[in-house]
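K.L.:
Generate a structure from the sequence data that follows.
(chains A and B)
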Number of protein chains: 2
Amino acid sequence: MGFENEKNNSILSKLATNEEHGENSPYFDGWKAYDNDPFHPLKNPNGVIQMGLAENQLCFDLIEEWIKRNPNASICTTEGIKSFRAIANFQDYHGLTEFRRAIAKFMEKTRGGRVTFDPERVVMAGGATGANETIIFCLADAGDAFLVPSPYYPAFNRDLRWRTGVQLIPIPCDSSNNFQITTKAVKEVYENAQKSNIKVKGLILTNPSNPLGTTLDRDTLKNLLTFTNQHNIHLVCDEIYAATVFSTPQFVSIAEIVNDEMRHCNKDLVHIVYSLSKDMGLPGFRIGIVYSFNDTVVSCARKMSSFGLVSTQTQYLLAEMLSDEKFVSNFLTESSKRLAKRHKHFTNGLEQVGIKCLRSNAGLFCWMDLRPLLKESNFDAEMSLWRVIINDVKLNVSKGSSFDCQEPGFFRVFFANMDDETVDIALRRIRRFVSVKRTGDETTAMERKQQWKKNNLRLSFSKRMYDESVNLSPLSSPIPHSPLVRART
Amino acid sequence: MGFENEKNNSILSKLATNEEHGENSPYFDGWKAYDNDPFHPLKNPNGVIQMGLAENQLCFDLIEEWIKRNPNASICTTEGIKSFRAIANFQDYHGLTEFRRAIAKFMEKTRGGRVTFDPERVVMAGGATGANETIIFCLADAGDAFLVPSPYYPAFNRDLRWRTGVQLIPIPCDSSNNFQITTKAVKEVYENAQKSNIKVKGLILTNPSNPLGTTLDRDTLKNLLTFTNQHNIHLVCDEIYAATVFSTPQFVSIAEIVNDEMRHCNKDLVHIVYSLSKDMGLPGFRIGIVYSFNDTVVSCARKMSSFGLVSTQTQYLLAEMLSDEKFVSNFLTESSKRLAKRHKHFTNGLEQVGIKCLRSNAGLFCWMDLRPLLKESNFDAEMSLWRVIINDVKLNVSKGSSFDCQEPGFFRVFFANMDDETVDIALRRIRRFVSVKRTGDETTAMERKQQWKKNNLRLSFSKRMYDESVNLSPLSSPIPHSPLVRART
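P.N.:
Numbers count the residues shown, from 1 in each chain, chains lettered A, B, ... in the order given. Take a look at the predicted model:
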C-alpha cells in the first residue's frame, strides 16, 4: 500500500505533502526520546523524565473531590441521567448558556475580579490550538503576517500558520533586558516588514509568556495597545496561563487595559485566546475560547466553532463546576499556592548547583540559563548540550532555539507535570550532571555517560506513588504518544 | 461599538467579511421561523413543528439504561473517578486506543459485519462538520473542485468549501430515474469541468443519501469507483447515516467494495467520513471520523485533528459503551426497527392524503413529492408553497432548491426528531392543509390561513410527554438556536 511521494504530491493537497506542520522539527526529538524510554518509578527508574510537557498536575485532587460531592453535575450518574438526552442532543454552536456564563465568570476570577467578561463574546473552539487558528482565520488571509515576540511557543507554527497560510515574523527579545518586549523592537520589525511589502495584520502576545514564565506589566500592555491601534493592526493576547501566576507582580489582562485606562481605544482590534488546559489542568477536555471585542469577529468565530465544538457532556460538567464560586476561589488560591511552592523548591534546587533561571512569577515551567555549561556560545553547542541532557541525564527539556530564541544556552523545563518524588529525582540528576560536568570536562562523552549511569540512584517508592503513576499512564495505549499533541507547552 | 462594514473589510479576513458561510441562505429561514415560534404541546400548541432538524431521538432510552447499568464507564462517578486524572490529562491526537478500537468495531457492525475497519486508520475530528473539512484540507488546495451529486446536504457549502477554498460542482440527478446517480452524468460534468480548466480532485458521495434517504447499490458504487480510479481522482464517501438503514436493500459501504470485489483498485484514492451524530443520535458529543485507505492522508488528518479532538471524557464513555457488543447489536437492531415503524407510520399518513415520497430505505427523513401542490412548475412556486407550509401549516420542512435540486416541488421532512404524539399532530396539519388546498384553491391566502387556524386542533397531552418535551428543550437557553449548527440534516 502507499504511493510514492511524487504521486501523493500530485493527488493530495500541499498541506498533506509539505513539512509546514512542524512535527518533524528537532523540537519534538525530545518527545521521541521520552516515548522510547519513559521514566517509571518502579518499571523504568532510569528512563527519561518528561520535563517538556505542559501539564498542570498539582490540583487534580480538588477537582476529584468536587466531582464526588456533585454527582448531579454529570449526565452519566443516577442523579444526572435525566438531563442526558437534552444534553447529548444539543449542538447549538453558541454552546450551553450556562457554560458560557461559567467560563466568563471563571475568566473574571482568574483576572482577580478586576474586569468583567461578557458571556455573549465567549466563543468555543477545539482547545487553545483551535482557538488560535480560529482567530487567525477571522483576521487574516493567506500571505498576511503577524508579529510574534520570540522566544515563542513552537507549535504556533502549526496553530496560527499551517492551514491559514499566514506568516509569523519574530520580534527578537534577549537576556540584556530579561527578554522584555519593547515598543522599539516591535516598531523596528513592523517597519522592516512594511518595507518588504508584507501586510502585517497584527501582534500576538502570550501573557503570561510561554516559555518565559513572566507577565507583561501595565505600561508595556498600554504601549503595545497604543502601537497596534495607531497602525490599525490587531492585538491578539494568548492568556491561557492566566491562573498560573503564583507570585507578584499580579497578572494584568489586556481586558483590564481595554475596559479601564484605554477604554477609548479601538476595541475592535483586540482579541483574547483562552483555555482551561493549563489553568485547570484539563487538556483532554479541549476547552478553547476566543474572546473578541469585535462583533464581526465574534460572529465569524462562532460560525467557525462548528469545526471544533466542545462536547456537551463536558460543557455541562464544567458549567456546573465553574458556577460553584466557592470551589473556584479555593481552587485558584490553592493552585497558585502549590505552584509557588513547587517553583521555589525546584529553582532552589537548581540554584544550589549554580543554575539560574529567569526570574518569573507564572507558568508551569522555568526558563533555565545553561549558558555557563555551553562549550561555545552557539547553537551547535546548545544542541550538543541538549543531546547530553536528553540521552545521558535523561531529562526531556526544550532548548531555546526551538522557541526561536536568538541567544544560545536557554532551556525551558516543566516542574508541574509530575509528583514531588519525580521532581527530586530530576533535581538529583541535574546536580549529578553539573558536578560531573564541572569536575571532568576533559573526559569523553562515553566516559561521562558511564559515570552518570553508575551514579544514578535507584530509589524505592511507596505503593501510593506507584498506583498514581499507573493511573497517570494514558490507559495501555500501545501507540507512542504523538509529540505535537502534547506540545501546547 | 462596531466598525462599519467597509472598515471591517479592510481589517478582517475575507472569510469574516463575505457571505460564503451560507448561514444567510433561505435554507435557514425555516429555522428562524421555528426559533420565533417553537411548537410546545402545552405552552405553544400552535407553534411551528421542527421537521428540518437531523436528530435521531428514537433510542435514547436504550443508551440511558446502559449508562445506568455501567457507572464505571464515566470518569465522574464514584466507580469511575479513579480514572479521572489520567483521562482529563490525556491529549494525544491519536485518541484513546480503546476509543478508536470501539469506533472501528462499531463501524463494522453498522455495515453488517461484512467488512473490517483498522483502528489505526480511525482519525478523530470535531463532528462530521470537522471531518468533512479535514478530508478536503488533506486532498485539495484552494481553487480545486469536487463533484457532488445533487440534491445534496446544504451545509456542504460550509463544511467542504468555506475555509478550504475549494469549489463544489453539482451533478444534477432528477426524478426521471428516482434521483439515481449515473456514471454518464458524472462523466459529463467531469468533462465539462476539464474543458473549463477546473482541476477536479474528487467525487463526494453521501451514502445513505441526505436528503433522499436512499442507498447506493453495489454496481453503482463499483462503477463510480472505477470512474474515479480511471481519472486518478478521489472518492469520498460520507456514510454518516449508515446505521439508519431500516429496510431492504441492505447498506453497502464503499469499504466492502474496496476490500472485496475491487481490492486491486487504487485504495489511496478512497476515504470515508463517519460520525455518531445520526447513527447513535449524539450530535452534542461531536464525534466525527475520517477513515482513509491512504497512509499519507491518515497521517495528515491526524495532525489536523488537533483542531477538533473529541473530549476525552466523551471518548472514554463511548469506548466503554461501544465495546459492549451485546448492547451495540441490540441498539442497532432496535433502532432500525423503530425507524422502520416510524417511517411506515409517517409515509402511510402522507399517502392517505395523496402525498407520495421517494421510496427510501434509510435516513431520518423523507423526500416528499409536493409537485401536485405547486401552482406552476418553477422555483418561485416552490418558494411560495414552502412559505405557506412554514407560516400557515406551521411545519419547518426544507425545500428542494436548498439542496440544489433541479426540479421544483420536492421537500425533505424529518420524522425521527420528535415523539409519536408530535408526528400525529404534524400529520393532522398536513392532512388539513391538503384538503383545504384542494377544496379552496380560489380562496385567498388570508382566508386559507384563517380557515387553517380555525381547524387546527388543540390536543391535550399526558404529563409524561410534557416532561419529555421540557427535558428535550436545550436547558433554558435564552439564545435562539443557531440554524447552522442544527444543519447537519
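
K.L.:
Quick check on A:Val273: phi, psi?
P.N.:
When read as degrees, to the nearest 10, the backbone of A:Val273 gives phi -110, psi 130.

K.L.:
which residues touch it?
P.N.:
Neighbouring residues of A:Val273 by CB atoms under 8 Å, 6 or more residues apart in numbering or on different chains: A:128, A:131-132, A:135, A:236-240, A:288-291. C-betas here are computed from N, CA, C, even on glycine.

K.L.:
I'd like those residues written out as TSV, with secondary structure added.
P.N.:
Formatted as TSV, the contacts of A:Val273 follow (DSSP: H, G, I helix; E, B strand; the rest coil):
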residue	secondary structure
A:Ala128	helix
A:Ala131	helix
A:Asn132	helix
A:Ile135	helix
A:Val236	strand
A:Cys237	strand
A:Asp238	strand
A:Glu239	coil
A:Ile240	coil
A:Gly288	strand
A:Ile289	strand
A:Val290	strand
A:Tyr291	strand
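
K.L.:
and the residues you listed, which are buried?
P.N.:
For the contacts of A:Val273, a burial check counting by 16 or more other CB atoms under 10 Å in any protein chain shown picks out A:128, A:131-132, A:135, A:236-240, A:288-291.

K.L.:
any chance of those residues in JSON lines, with distance to A:Asn192 and pLDDT too?
P.N.:
Output for the buried ones among the contacts of A:Val273, formatted as JSON lines (distance: CB to CB, whole Å; pLDDT from 0 to 100):
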{"residue": "A:Ala128", "distance to A:Asn192": "29", "pLDDT": "97"}
{"residue": "A:Ala131", "distance to A:Asn192": "29", "pLDDT": "98"}
{"residue": "A:Asn132", "distance to A:Asn192": "24", "pLDDT": "98"}
{"residue": "A:Ile135", "distance to A:Asn192": "24", "pLDDT": "98"}
{"residue": "A:Val236", "distance to A:Asn192": "20", "pLDDT": "98"}
{"residue": "A:Cys237", "distance to A:Asn192": "23", "pLDDT": "98"}
{"residue": "A:Asp238", "distance to A:Asn192": "24", "pLDDT": "98"}
{"residue": "A:Glu239", "distance to A:Asn192": "28", "pLDDT": "98"}
{"residue": "A:Ile240", "distance to A:Asn192": "29", "pLDDT": "98"}
{"residue": "A:Gly288", "distance to A:Asn192": "32", "pLDDT": "98"}
{"residue": "A:Ile289", "distance to A:Asn192": "33", "pLDDT": "98"}
{"residue": "A:Val290", "distance to A:Asn192": "29", "pLDDT": "98"}
{"residue": "A:Tyr291", "distance to A:Asn192": "31", "pLDDT": "98"}
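
K.L.:
what's near enough to touch the closest residue in space to A:Ala242 that isn't next to it in sequence?
P.N.:
Take A:Ala242 and drop its neighbours on the chain: the residue closest to it by CB to CB, 6 or more residues apart in numbering or on different chains is A:Thr110, 4.6 Å away. Shown in contact with A:Thr110 (CB under 8 Å, 6+ apart): A:242-243, A:251, A:279, A:332.

K.L.:
ok, back up a step: and the furthest pair within the contacts of A:Val273?
P.N.:
Largest separation among the contacts of A:Val273 by CB to CB: A:Cys237 and A:Gly288, giving 14.4 Å.

K.L.:
Would you map the strands across the stretch 1-150 of chain A?
P.N.:
Taking DSSP state E, counting those that start in this stretch as the test, the strands found in the stretch 1-150 of chain A are A:49-50, A:122-126, A:145-150.

K.L.:
Mind checking the ones you listed for the one nearest to B:Thr183?
P.N.:
strand A:122-126 (38.4 Å).

K.L.:
For the stretch 101-250 of chain A, which residues are neighbours of chain B?
P.N.:
Residues of the stretch 101-250 of chain A found near chain B, taking CB under 8 Å from any CB of the partner chain as the criterion, are A:126-127, A:129-130, A:133, A:137-142, A:158, A:163, A:201, A:232-234.

K.L.:
Drop anything exposed from the residues you listed.
P.N.:
The neighbour count (16+ other CB under 10 Å) marks A:126-127, A:129-130, A:133, A:137-141, A:158, A:163, A:201, A:233-234 as buried among those.

K.L.:
Of these, which belong to helices?
P.N.:
A:127, A:129-130, A:133, A:137-139 (DSSP state H).

K.L.:
how about low-confidence regions in chain A?
P.N.:
A:1-7, A:26-27, A:440-489 (pLDDT under 70).

K.L.:
per the record, what domains does it have?
P.N.:
Per the TED database, the domain ranges recorded for chain A read A:26-60+A:329-434, A:71-323.

K.L.:
Mean neighbour count, those domains: which tops it?
P.N.:
For those, the largest average neighbour count (mean count of other CB atoms under 10 Å in any protein chain shown) is found in domain A:71-323, namely a mean of 22.

K.L.:
Endpoints of that one, how far apart?
P.N.:
15 Å (CA to CA, to the nearest Å).

K.L.:
Which residue does the stretch 301-450 of chain A have closest to chain B?
P.N.:
Nearest residue of the stretch 301-450 of chain A to chain B, counting by CB to the nearest CB: A:Thr312, 3.3 Å away.

K.L.:
Could you pull up phi and psi at that residue?
P.N.:
Torsion angles at A:Thr312 (phi, psi; degrees, to the nearest 10) stand at phi -70, psi -30.

K.L.:
which strands and helices sit next to the longest helix along chain A?
P.N.:
Taking DSSP H as the criterion, chain A has its longest helix at helix A:325-352. Secondary-structure packing of helix A:325-352 (3 or more CB pairs under 8 Å, 6 or more residues apart in numbering or on different chains; DSSP states H and E): helix A:60-69, helix A:97-110, strand A:356-357, strand A:365-369, helix A:420-439.

K.L.:
Dump those to TSV, plus distance to A:Leu224.
P.N.:
What follows is the helices and strands packed on helix A:325-352, written out as TSV (distance: least, CB to CB, whole Å):
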stretch	distance to A:Leu224
helix A:60-69	35
helix A:97-110	21
strand A:356-357	25
strand A:365-369	21
helix A:420-439	35
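
K.L.:
With respect to B:Phe90, which of the ones you listed lies nearest?
P.N.:
Across those, closest to B:Phe90 is helix A:60-69 (CB to CB), at 12.7 Å.

K.L.:
wait, does the closest one make contact with chain B?
P.N.:
Yes. Against chain B, helix A:60-69 shows contacts by CB under 8 Å from any CB at A:60, A:63-64, A:67-68.
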